[in-house]
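> Sequence and computational prediction follow.
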Number of protein chains: 2
Amino acid sequence: MTNLPFAHWMAGVQAQVEDALSDFLPPPEAVPQKLHAAMRYTVLGGGKRVRPLLVYASGALFDADPATLARAACALEMIHAYSLVHDDMPCMDDDELRRGKPTVHVAWDEATALLVGDALQAQAFEVLASADSLPPARLVGMLRLLAQAAGSGGMCGGQAIDLDSVGLSLNLEQLERMHQLKTGALLRASVLLGALCGKDLTAPELEALAAYSKAVGLAFQVVDDVLDATADSATLGKTAGKDAADNKPTYVSILGLEESRALAEQLRREAIHALAPFGEQALRLRELADLIVQRKA
Amino acid sequence: MTNLPFAHWMAGVQAQVEDALSDFLPPPEAVPQKLHAAMRYTVLGGGKRVRPLLVYASGALFDADPATLARAACALEMIHAYSLVHDDMPCMDDDELRRGKPTVHVAWDEATALLVGDALQAQAFEVLASADSLPPARLVGMLRLLAQAAGSGGMCGGQAIDLDSVGLSLNLEQLERMHQLKTGALLRASVLLGALCGKDLTAPELEALAAYSKAVGLAFQVVDDVLDATADSATLGKTAGKDAADNKPTYVSILGLEESRALAEQLRREAIHALAPFGEQALRLRELADLIVQRKA
């Protein structure tokens, strides 16, 4: 698998993840059908699958079992997907387009969107907790890590800070802290859980992967801000220019476009530098850092 | 402890749970403060703590460690509390009063209520996943059980069915299935997790506890419907008469008041009968069945 060109490897992982997500979601014919249909609509058939790709790339460091990686990848993607459904609701970002499709509260209604998010979060923990090929003690640690990344010290906390910062002028440090929680925590969890599918981590391994994750996570957000300011809605599959219109602080609003692009490139190099101890096994993680910085949508 | 009168035992458990919840919630001074303040407001200082009481009562069957029971009890209470916050939002039941206090979206705003619920669900899994005195294999099974009870095959699924049944005339069987998911799944998880804090369960033990939980869970709901139809808002700490006003099917609307009361009493006897194999150790579970049926609020 490591000899495949990156694009082939990526397409292969995305296809595996799509199949696994479909298997791990409740079937559409199970009661309550409407909720299950909306859960499947939310999760299936779209998205770049960045978190699953990080899981598989990190799992490649230690030749982790693909069936186990699929569970970790799907758990992370379900947490991510639920957060998008809730973020899109009228009381949050009030967005009508996501991955090129109407958002859940538009396609169904707000109550359904609320429940879809709630049910997907529970489903994520169920999917990971069912990874029964892992040693139970390691799996417990992985579940704890996922919960921390998703909660008020991670993704939800970052979202709360983001909401409270609308109209404020954050400095670079404050913006960075917000993003480290809002998107960084889940990206870090993706990298760590992928590696943990392979083996228990030594302290130096943990440190190297945390450094990689931090740089990649920030780069991801810097590029997101650049794209929001420069790309069109059709390319992004969501409403472009939204952050500026909402008066939200972004890397572009603080640093300007050119300096933001330079920062993204610097973070890419930091990410790749952090992978040095893993040698050739880190090929996919290096390629993903490149992709995250060079993506167009 | 088994020699304490029930009211003393209950007050002791409630006090222990209140302290443990405070310890297991993020401190109010930690960033983001507003989110943490709202999480603490939601969970602390109120509620009957029915799920924690079931955990401790079931834990008493096998002399489970109190510190471990506190984690299971708090995890369940956090899931329950998050569901109330989301249920109270305008797009769901649109309720302004809960446990005698303004609901979260009234005291703060809808976005905060959404995030409080999301963060509490993650916190619940973190709290249980940190019960490190338990054998990891058993703990993984307990986390899976909690996730199943909370998700679309449990609480969220029941809530979805409930929403879709407004204005419909359900029959008794459909109403029962809805409640078995909406409230029954979490009550069942409370009983099973409490017992699992003590030891792995044999198939007959599991079956007896499931039968007890099913009867108690339905009795709980029947009594809820009776109280909603007969008590006033001040006694309930929430808006009374809400279900009838919302045109929701209830036991009272299907069976009438007297037959609903008789059903609750029959379910209480079934619950107590299911506990026969556990003898004296089941004292607290029997007393809880009595309490659930005889409560006035």
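Nice, I can see it.
> which ones are touching the most centrally placed residue in chain A?
Nearest to the mean C-alpha position of chain A, by C-alpha atoms, centre = their mean, lies A:Arg51 at 4.2 Å. The contact partners of A:Arg51, by C-beta atoms under 8 Å, 6 or more residues apart in numbering or on different chains, come to A:73, A:76-77, A:80, A:186-187, A:190. Every C-beta, even on glycine, is put in place using the N, C-alpha and C of the backbone.
> in the stretch 151-297 of chain A, what residue is nearest chain B?
A:Gly151 (3.4 Å; C-beta to the nearest C-beta).
> In space, what's closest to that residue - neighbours in sequence excluded?
B:Ala122 (3.4 Å; C-beta to C-beta, 6 or more residues apart in numbering or on different chains).
> which strands and helices sit next to the helix or strand harbouring that neighbour?
Element membership for B:Ala122, per DSSP states H and E: helix B:110-129. With contacts defined as 3 or more C-beta pairs under 8 Å, 6 or more residues apart in numbering or on different chains; DSSP states H and E, helix B:110-129 has these neighbours: helix A:66-87, helix A:110-129, helix A:136-150, helix A:155-164, helix B:33-43, helix B:66-87, helix B:104-107, helix B:136-150.
> 6 Å - rerun?
helix A:136-150, helix A:155-164, helix B:33-43, helix B:66-87, helix B:104-107 (3 or more C-beta pairs under 6 Å, 6 or more residues apart in numbering or on different chains; DSSP states H and E).
> Columns mean pLDDT, mean neighbour count and distance to B:Ala160 on top of those, output as CSV?
Formatted as CSV, the helices and strands packed on helix B:110-129 follow (pLDDT from 0 to 100; neighbours: other C-beta atoms under 10 Å in any protein chain shown; distance: least, C-beta to C-beta, whole Å):
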stretch, mean pLDDT, mean neighbour count, distance to B:Ala160
helix A:136-150, 98, 23, 22
helix A:155-164, 94, 24, 22
helix B:33-43, 97, 22, 22
helix B:66-87, 97, 25, 12
helix B:104-107, 95, 21, 20
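> Which residues of chain A lie near chain B?
Counting by C-beta under 6 Å from any C-beta of the partner chain, chain A comes close to chain B at A:26, A:32, A:35, A:86, A:91-92, A:110-111, A:114-115, A:118-119, A:121-123, A:125-126, A:129, A:136-137, A:139-140, A:143-144, A:147-148, A:150-152, A:156-157, A:159-161, A:163.
> Between helix A:110-129 and the helix or strand harbouring A:Glu18, find me the angle.
Take DSSP H and E as the rule and A:Glu18 turns out to sit in helix A:6-24. Put simply, helix A:6-24 runs at 110 degrees to helix A:110-129, going by axes from the mean of the first three to the mean of the last three C-alpha atoms, to 10 degrees.
> Now do the buried residues in helix A:6-24.
For helix A:6-24, a neighbour-count test (16 or more other C-beta atoms under 10 Å in any protein chain shown) marks A:9-10, A:13-14, A:16-18, A:20-21, A:24 as buried.
> Kindly report the same for stretch A:191-207.
In stretch A:191-207, counting by 16+ other C-beta under 10 Å, buried: A:191-198, A:201, A:205.
> Stretch A:273-284 too?
A:274-275, A:278, A:281-284.
> Check stretch A:47-63 too.
Neighbour count says stretch A:47-63 has A:47, A:49-62 buried, by 16+ other C-beta under 10 Å.
> what about it, how long is it end to end?
End-to-end distance of stretch A:47-63 (C-alpha to C-alpha, to the nearest Å): 25 Å.
> Show the average pLDDT along that stretch.
Averaged across stretch A:47-63, pLDDT comes to 96.
> Check stretch A:184-200 too.
The model assigns stretch A:184-200 a mean pLDDT of 98.
> what residues does that stretch touch?
The contact list for stretch A:184-200 (C-beta atoms under 6 Å, 6 or more residues apart in numbering or on different chains) reads A:51, A:54-55, A:58-59, A:61-62, A:64, A:68-69, A:72, A:76, A:138, A:142, A:145-146, A:149, A:154-155, A:201, A:209, A:213, A:217.
> Buried ones in the longest helix anywhere in chain A, by neighbour count?
Secondary structure of chain A per DSSP state H: the longest helix is helix A:203-230. Across helix A:203-230, burial judged by 16+ other C-beta under 10 Å covers A:205, A:208-209, A:212-229.
> mean confidence score for it?
Here the average pLDDT along helix A:203-230 is 95.
> Just say helix, strand or coil for A:Pro28.
Assigned with DSSP: H, G, I helix; E, B strand; the rest coil, A:Pro28 falls in the coil class.
> What are the phi and psi values at A:Asp95?
Here is the backbone geometry of A:Asp95 (degrees, to the nearest 10): phi -110, psi 140.
> and what of the one 4 residues further on?
Here is the backbone geometry of A:Arg99 (degrees, to the nearest 10): phi 50, psi 30.
> ok, now A:Pro102?
phi -60, psi 140.
> What residues are bridge-paired with it?
A:Leu97 (DSSP bridges).
> So what's the residue count around it?
Counted by other C-beta atoms under 10 Å in any protein chain shown, the residues lying close to A:Pro102 total 13.
> Give me the mean pLDDT for the helix holding A:Glu18.
The model assigns helix A:6-24 a mean pLDDT of 97.
> what's it packed up against?
Secondary-structure packing of helix A:6-24 (3+ C-beta pairs under 6 Å, 6+ apart): helix A:50-59, helix A:66-87.
> Would you mind giving the orientation angle of it with respect to helix A:33-43?
170 degrees.
> contacting residues around A:Leu115?
So A:Leu115 contacts A:35, B:156, B:159-160 (C-beta under 6 Å, 6+ apart).
> go with 8 Å
Contacts of A:Leu115 by C-beta under 8 Å, 6+ apart are A:35, B:86, B:156, B:159-160, B:163.
> farthest-separated two in the residues you listed?
A:Leu35 and B:His86 (13.7 Å; C-beta to C-beta).
> Which stretches in the stretch 151-297 of chain A count as strands?
Along the stretch 151-297 of chain A, counting by DSSP state E, counting those that start in this stretch, no stretch forms strands.
> which residues touch A:Gly167?
A:Asn247.
> ignore the last one, A:Arg295
A:48, A:223, A:227 are the contacts of A:Arg295 under C-beta under 8 Å, 6+ apart.
> Tell me the one among the residues you listed nearest to A:Gln266.
A:Val223 (12.4 Å).
> secondary structure class for the residue lying farthest from the centre of chain A?
For chain A, the residue at maximal distance from the C-alpha centroid (C-alpha atoms, centre = their mean) is A:Val31, at 29.0 Å. With three-state DSSP as the basis, the three-state label of A:Val31 is coil.
> was I right about it contacting B:Gly158?
No: using C-beta atoms under 8 Å, A:Val31 is not in contact with B:Gly158, being 10.2 Å away.
> and A:Cys91, how far is that from B:Ser169?
With the distance defined as C-beta to C-beta, to the nearest Å, A:Cys91 ends up 33 Å from B:Ser169.
> And A:Arg98, by the same measure?
37 Å.
> Over to A:Glu29?
On the measure of C-beta to C-beta, A:Glu29 and B:Ser169 end up 24 Å apart.
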